[in-house]
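A.B. asks: This is a predicted model, with the sequence first.
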Amino acid sequence: MSVDPRVSIHPDSSVLMAAIAARLITKLVDVQDKHGEATVVLTGGTVGIGTLKAVADSPAAPAVDWSKVNFWWGDERFVPAEDADRNTRQASEALLSHLPVDPERIHAPASSDDFATPEEAAEDYARRLREAAQAEHAADMSDDRPDQPGVLPRLDVVLLGVGPDAHVASLFPEQGGIREKERTVVGVRNSPKPPPQRISLTLPAINTAAEVWMVVAGEDKAGAVGLALAGANPVQVPAAGPRGTSRTLWLIDENAASRVPQQLVRKYAAGA
Ligand SMILES: O=C1O[C@H](COP(=O)(O)O)[C@@H](O)[C@H](O)[C@H]1O
């Protein structure tokens, strides 16, 4: 079941990032209560990394058992492991290096130190996701488990930033990645935003998540947010494509919301 998005608008980007951090901490605690562990897919970008800093600074952060959180990424730049452009490196500096996480649960996509091409790194990431799904399937003895493991583990929350061009993860307008229907991960070679080589989860993979949270701030994103919420075609407006199976949340600031038609703000308001 996929449901209509919900929109929650915050006064500015600082309040927004603090609010997303509080939601994320609460969500991870709730999921751990239910499943014993939780899985989050992180995003790069200004709000994504700012949110991780806000989590690290939150007095509620120790409420989560960080040793039982699985971390994946929605996309990564295909550059050397130590490159400052790596989303994983930024996440580590903002959050992961400050928490008692289990290194075995940090599933960073491979870098250009490990593979010659983004396609090989994408295949490696897809294989690791599939193996995590198989391990989860083997460990889950509940009656309602499917007979066969899927190609992805349970994704409790996927965080996604949005670029001014409406890209999400590294799925850019009109490119092959956003059109992908079969694979869970793709290599990207011609990203219009540097660096050009990346790997990205695809829309079919993202849309297996229970919850997708679109996290966006700034006037420069307002057009993309307005088009996405108005129901544009994801091929032209990738941000229109992500949908959680139980919830799709747009967590945005007033500047990013400034071009969303008022009737849509009312229609999608949290609690409406
Ligand atoms: O390149 C990327 O950009 C987007 C958005 O970044 P922002 O700085 O404009 O907020 C990000 O979501 C994605 O993960 C990243 O690789």
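C.D. replies: In hand now; what should we look at?

A.B. asks: Can you pull the poorly scored residue ranges out of the chain?
C.D. replies: Residue ranges of the chain with pLDDT under 70: 1-2, 141-145, 271-272.

A.B. asks: Residues of it that sit close to the ligand?
C.D. replies: When proximity is defined as CB under 6 Å from any ligand atom, the chain approaches the ligand at 43-48, 75, 87, 161, 163, 169-170, 193. The way it works is simple: take the backbone N, C-alpha and C, and place the C-beta from them, glycine included.

A.B. asks: quick one: the strands in the protein?
C.D. replies: Taking DSSP state E as the criterion, the chain contains strands spanning 6-10, 38-42, 69-73, 75-77, 157-160, 185-188, 198-201, 211-216, 247-253.

A.B. asks: hmm, back to that, highest neighbour count among the residues of the chain next to the ligand?
C.D. replies: Most neighbours among the residues of the chain next to the ligand, by other CB atoms under 10 Å: Ala169, with 34 neighbours.

A.B. asks: Excluding chain neighbours, give the residue nearest to Leu95 in space.
C.D. replies: Leu52 (3.8 Å; CB to CB, 6 or more residues apart in numbering).

A.B. asks: Which one of the residues of the chain next to the ligand is nearest to Gly150?
C.D. replies: Using CB to CB, Ala169 comes nearest to Gly150 of these, at 19.3 Å.

A.B. asks: surely the closest one meets Arg77?
C.D. replies: No: in this structure Ala169 lies outside contact range of Arg77 using CB atoms under 8 Å: 11.4 Å.

A.B. asks: about what we covered before: return the most buried member of the strands of the chain.
C.D. replies: Highest mean neighbour count among the strands of the chain (mean count of other CB atoms under 10 Å): strand 198-201, with a mean of 32.

A.B. asks: that older thread, mind listing what the residue nearest to Leu95 touches?
C.D. replies: Applying CB atoms under 8 Å, 6 or more residues apart in numbering, we find Leu52 in contact with Ala21, Leu42, Ala91, Ala94, Leu95.

A.B. asks: residue contacts, the closest residue to Glu82 other than its chain neighbours?
C.D. replies: Nearest residue to Glu82 in three dimensions, chain neighbours excluded: Arg89, at 7.0 Å (CB to CB, 6+ apart). Neighbour list for Arg89: Ala81, Glu82, Asp83 [criterion: CB under 8 Å, 6+ apart].

A.B. asks: Pretty sure Ala240 is one of the things Ala232 touches, is it not?
C.D. replies: Yes: counting by CB under 8 Å, Ala232 does reach Ala240; the two are 4.6 Å apart.

A.B. asks: Common neighbours of those two, please.
C.D. replies: Counting by CB under 8 Å, 6+ apart, the residues touching both Ala232 and Ala240 are Ala166.

A.B. asks: Quick check: the residue nearest to Glu82 vs Gly244, distance?
C.D. replies: In this view, Arg89 and Gly244 are 27 Å apart by CB to CB, to the nearest Å.

A.B. asks: got it, and Leu203?
C.D. replies: Here the criterion is CB to CB. By it, Leu203 lies 12 Å from Gly244.

A.B. asks: Same question for Phe71.
C.D. replies: Taking CB to CB, one finds Phe71 at 18 Å from Gly244.

A.B. asks: Next: Val225.
C.D. replies: Distance, Val225 to Gly244, by CB to CB: 17 Å.

A.B. asks: which one of these two has more residues nearby?
C.D. replies: Neighbours per residue (other CB under 10 Å) separate Val225 from Gly244, with Val225 holding more: 26 against 23.

A.B. asks: Give me the nearest residue to that one, chain neighbours excluded.
C.D. replies: Leaving out its chain neighbours, the residue that sits closest to Val225 by CB to CB, 6+ apart is Ala256, at 5.1 Å.

A.B. asks: Near the one you found, how many other residues are there?
C.D. replies: Close neighbours of Ala256, defined as other CB under 10 Å, add up to 29.
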